[in-house]
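[1] Any chance you could fold what I've pasted below:
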Amino acid sequence: MADDLSAVAHFLYEAGTLKQTRRTGWWMAGVRDPESIADHSWRTSLIASIIAKLEGADPARAAFLAVWHDSQESRTGDVNHLGKKYSSGADPEEVTADQTAGMPEVLAATVRELVREYEDKETAEAICARDADKLECLLQGIEYRSQGYESAQRWIDNSRGRLVTETACRLADELLGQGPLDWLRKALEENSGPDHQRPA
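    Below is the predicted model of the structure:
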């Protein structure tokens, strides 16, 4: 008989709460309705695959690590850096063990291994995934800054300073040299000059 999937089903509902759970640090930058943890995790996974491929690591593994990197926050919420000063914080591996309890062991063991690898920061894929986490924050900061949230510059600067891989550093500099809608102007083959810009 197949393994009982009731615990997996429970977790899928639990993971859905990350679509509503906001990244709280952005409130300090004045962002009234910041991105959700799920929003952040999706683009982090995409970035992780890109960094890993360009760094010669396994892009699928890096993306796999990144997609699970904040999964514990369905139980802990998003505790920003200031909050961590006053709270010892939950151990991601312990939270993951609770979340995966009752799942088929082949699945539970895989998820626990992913979280452990990410937290250990030793493999090339974990380093790429962690850089992706920081680079996504930098990218989101640029987008918020362009919407008028000037205080987002702090998050941009802090994220840039914490990058490790050459690819992430180069990509950060490229992102800093572009505007959030430069891709659209390129796609529409518009001249980048102010006299040629049209509303999207």
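
[2] contacts and neighbour counts: CA atoms only from here.
    Will do.

[3] what's the one helix or strand residue 160 maps to packed up against?
    Residue 160 is part of helix 153-161, with elements assigned from DSSP states H and E. In terms of contacts (3 or more C-alpha pairs under 8 Å, 6 or more residues apart in numbering; DSSP states H and E), helix 153-161 is packed against helix 124-146.

[4] Buried residues, the helix it packs on. List them.
    By 16 or more other C-alpha atoms under 10 Å, the buried positions in helix 124-146 come out as 124-145.

[5] Stretch 60-73 now?
    60-73.

[6] How far does it sit from its chain's centre?
    Distance of stretch 60-73 from its chain centroid, counting by C-alpha atoms, centre = their mean, to the nearest Å, is 8 Å.

[7] And the contacts of it?
    15, 18, 37, 41-42, 44-49, 52, 92, 95-96, 99, 111, 114-115, 117-118, 125-126, 128-130, 132-133 (C-alpha atoms under 8 Å, 6 or more residues apart in numbering).

[8] So what's the gap between stretch 72-92 and the chain middle?
    Counting by C-alpha atoms, centre = their mean, stretch 72-92 comes out at 15 Å from the chain centroid.

[9] right, and the helix or strand after the least confident helix or strand in the chain by mean pLDDT?
    Within the chain, no helix or strand scores below helix 81-86, which has a mean of 78 by mean pLDDT, DSSP states H and E. Moving toward the C-terminus from helix 81-86, the next helix or strand (DSSP H and E) is helix 92-100.

[10] following that next one, which helix or strand comes up?
    Trace forward from helix 92-100 with DSSP H and E and the next one is helix 105-120.

[11] Could you list every helix and strand that that next one packs against?
    helix 59-68, helix 92-100, helix 124-146.

[12] Now tabulate these in TSV and tack on distance to residue 177.
    Listed next are the helices and strands packed on helix 105-120 as TSV, based on distance: least, C-alpha to C-alpha, whole Å:
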stretch	distance to residue 177
helix 59-68	25
helix 92-100	35
helix 124-146	10
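
[13] of all these, which lies closest to residue 8?
    Among the helices and strands packed on helix 105-120, helix 92-100 comes nearest to residue 8, with 7.7 Å by C-alpha to C-alpha.

[14] which residues sit against the closest one?
    7-8, 11, 71-72, 75, 108, 111-112, 115-116, 119.

[15] Any of those residues buried? List them.
    8, 11, 71-72, 75, 108, 111-112, 115-116, 119.

[16] Dump those residues into CSV; add distance to residue 181 as well.
    Shown next, in CSV, are the buried ones among the contacts of helix 92-100 (distance: C-alpha to C-alpha, whole Å):
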residue, distance to residue 181
8, 40
11, 37
71, 30
72, 33
75, 35
108, 41
111, 37
112, 39
115, 35
116, 37
119, 34
